[in-house]
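S.K.: sequence first, predicted coordinates after that:
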Amino acid sequence: MLSWHLRGVLCIVLHSSALGVAHTLNSDHAKKLRAPMRRTAARLMLLLRVTRAFQSSFAATTRRSVCRNAATMQNPLLIQEGLPKFKSIESKDIEPGIASVLDTLDSDLKSLEDAIDGTSSYEATIEALEKISAPLGFAWGVVGHLEGVKNSDALRDAKAAMQPKVVGATQKLGQSRKVYEALEGIAARDEVQGERKRIVDASLRSMRLGGVALEGEAKEQYNANQVRLSELSTQFSNNVLDATKAFELVLTDAADVEGLPPSARAAAAEKALSLKKCEKADAENGPWVLGLDAPSYIPAMQHLKSSALREKLYAAFVTRAGEQNAPLIDEILSLKQKQAKLLGFESYADVSLASKMAASVAEIEELHVLLAAKATPAAHRELAELKEYASSKGHEGNLEHWDVPYWAERLREERFDYSDEELRPYFALPAVLDGLFQLIERLFGVTVEAADGKAEVWNDDVRFFEVKDGDKVVASFYLDPYSRPADKRGGAWMDVCVGKSKALKRDVPTAYLTCNGSPPVGDKPSLMTFDEVNTLYHEMGHGLQHMLTKVEDGDAAGINGVEWDAVELPSQFMENWLLDRPTLYGFAKHYETGEPLPDEFYDKLKGSKTYNAGLAMTRQLAFGMLDVELHKNPHLTEPVFDVQKRIFGKYLAMAPRDYDRFLCAFSHIFAGGYSCGYYSYKWAEVLSADAFGAFEEAGLENEAAVRELGQRFRDTVLACGGGTPPAEVFETFRGRKPSPEALIRHSGLADE
């Protein structure tokens, strides 16, 4: 999942890190719910549609533009040369630090407005905006990042105190008539072409969507609504985090953990110790604590023999933050609809799609109908098969929601003769990283090297790496790999730390890659599930688009300026390589013996790729259409949970329970950047599957062809960023328009 970064000239990250492109693992192997959920998530971000992507402007300009006096220079949040000073930054630094950069921004904006008019150049307008907004973008981005990975009451309070002021400042910037007139002049004179024309056009659109044309009471109302939406977004995300953290199922009887794999038992015992539930605990004797974070919840739902305990976990999971977030959902949807009306749109869906590849709701629905026609029959057949299997193994009564992951895992183990537990020893994180870096070098010709110690980190488990093209360092990234339910939100995401920008003299982009994988237990390294490896590859795909950009204008570099329904292309593209034999065997070695993964496991993994693919796809289609349904209707009077029940009933083979409050943890759309945008996962998956199809057609065993195509992918999809329309980028790479055939084939649904 990509963190919802504000893109177009002059945008601000109100919560950083969710988008991270967010990724929450699900028992049905639907991999795209990427917020705390993506993510998912997800520090979930609210896009104030102003004009410039602050995440790309994380650079200092001059000492004056960062602070006004020597005293404020002591604030580590304001030391913006290089990378963030995570060892020094504390919650107490947030309010004075943000206040300082806001004062500077206000002064610099006044000076800029006095200097520009309808005849001003691109450099005098766009680049000047990038420079004056950089200090706030850097500082607020760091605050948002820490909110996602090192959450605390003190940090929340400090951020909440400053958020309205940050929103107000960015609104003032995005609604500047002098800036808008200067941009209109640049557009009218046709003085810029290519990526710079894209930036100017996107900036004008963003300012229009940000209320630049509003006056009087309408402008006041719009701005007040935006402040409230930013508050609600943060509150929604924190409620999900708190609900996840608060749930603890303490087990003391070994009979209760029957079926739970040894690794999950050991993790549950360690959780009991870390939560101070006992003085000593071990995998064999307990006690054990199960939670709602993915590394704990998923193995429990797949393996616990006790249906009663699975039901308790399931009910807690699907009602997370139910009471707290239900009223927030209604207010968020109401405010978004009011914003749409103020801007002259019929619905919020129209606002959202104004800056996406999809031209209309009808176009989105057309894709969902096409895919549902293939997936729905398969999903019903898979569920019927599962019911029959469970009954044959002694299951009595109806197959309930909490039974599905358990029996699906039993059937998968029997049919393909392997379990996730058997594979874990072959997926140790250090080896997985080595294999991932080998693939990156093979495809894109760059190397990744450990650089721990060259950057300060927020947790001792965080790693730092540099990306080199030859001997030159061209990018870098942080990797925060493990789940920490106490202070880190769920999901997985990529976020921007430093963006490439010629104006800011930033030529080494830096990314945050955040996952919630299984932490090490005892003296063993992190032993990952195949889905966790998949998640890491996904987030690296986002990171590569940010890090390998060739665009030098900050507003179109990396993920900036890329239409939102295309940003998942490189992330989902990378997932396809996991079952490429050279790729898999580049890291799949037993962590103790070094023996490679036995051949029979490779064959079984490939065979199980499309296992329950119908159920997985219909789940994602349901999420996408629920999102669209909530945002397309300007006169929605149907209770939101009735809408959820209706859409899920239409798309899912098993209707939800009456108490299901999935929407209350759907952070992608209520606390992230995916409002009327969750469909983007399937939209971009069409592109990513078709892109990988080019390698399949050339022959995955044809190393010369793979390297040639990899370089072409780097030179187009990864290099062009937001400087070229994504449809044009794809056609340049593929030689034609995209087709859904590869996705349908990869999903095993071609014969439906």
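M.R.: Sure thing, it's come through.
S.K.: so for stretch 123-137, mean pLDDT?
M.R.: Taken as a whole, stretch 123-137 carries a mean pLDDT of 97.
S.K.: so which bits of that stretch are buried?
M.R.: 124-137 (16 or more other C-beta atoms under 10 Å). Just so you know, the C-beta spots here come from the backbone N, C-alpha and C atoms, and that holds for glycine as well.
S.K.: want to throw these into JSON lines with distance to Gly490 and secondary structure?
M.R.: JSON lines is the format used below for these (distance: C-beta to C-beta, whole Å; DSSP: H, G, I helix; E, B strand; the rest coil):
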{"residue": "Ala124", "distance to Gly490": "45", "secondary structure": "helix"}
{"residue": "Thr125", "distance to Gly490": "41", "secondary structure": "helix"}
{"residue": "Ile126", "distance to Gly490": "37", "secondary structure": "helix"}
{"residue": "Glu127", "distance to Gly490": "39", "secondary structure": "helix"}
{"residue": "Ala128", "distance to Gly490": "40", "secondary structure": "helix"}
{"residue": "Leu129", "distance to Gly490": "35", "secondary structure": "helix"}
{"residue": "Glu130", "distance to Gly490": "33", "secondary structure": "helix"}
{"residue": "Lys131", "distance to Gly490": "36", "secondary structure": "helix"}
{"residue": "Ile132", "distance to Gly490": "36", "secondary structure": "helix"}
{"residue": "Ser133", "distance to Gly490": "31", "secondary structure": "helix"}
{"residue": "Ala134", "distance to Gly490": "31", "secondary structure": "helix"}
{"residue": "Pro135", "distance to Gly490": "31", "secondary structure": "helix"}
{"residue": "Leu136", "distance to Gly490": "28", "secondary structure": "helix"}
{"residue": "Gly137", "distance to Gly490": "26", "secondary structure": "helix"}
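S.K.: and of the residues you listed, the nearest to Val166?
M.R.: Distance to Val166 across the buried residues of stretch 123-137 (C-beta to C-beta) is lowest for Leu136, with 7.2 Å.
S.K.: that closest one is in contact with Asp103, isn't it?
M.R.: No: if you go by C-beta atoms under 8 Å, Leu136 and Asp103 don't touch, sitting 10.3 Å apart.
S.K.: circling back to that earlier point, for the buried residues of stretch 123-137, which one is nearest Ile98?
M.R.: Leu136 (7.5 Å).
S.K.: what's the nearest residue to that closest one if we skip its chain neighbours?
M.R.: Distances taken as C-beta to C-beta, 6 or more residues apart in numbering place Val101 nearest to Leu136, at 4.6 Å, with adjacent residues excluded.
S.K.: count the residues that sit near that neighbour.
M.R.: 27 (other C-beta atoms under 10 Å).
S.K.: now it: how far from Ala128?
M.R.: 16 Å (C-beta to C-beta, to the nearest Å).
S.K.: hang on, the earlier thing: which pLDDT value belongs to the residue nearest to Leu136?
M.R.: According to the model, Val101 scores 98 on pLDDT.
S.K.: that one: which element?
M.R.: helix 94-115 (DSSP states H and E).
S.K.: cool, and His668?
M.R.: helix 667-670.
S.K.: ditto for Glu184
M.R.: helix 177-189.
S.K.: which elements pack onto that helix?
M.R.: Judged by 3 or more C-beta pairs under 8 Å, 6 or more residues apart in numbering; DSSP states H and E, the packing partners of helix 177-189 are helix 94-115, helix 194-209.
S.K.: fine, thanks again, bye for now.
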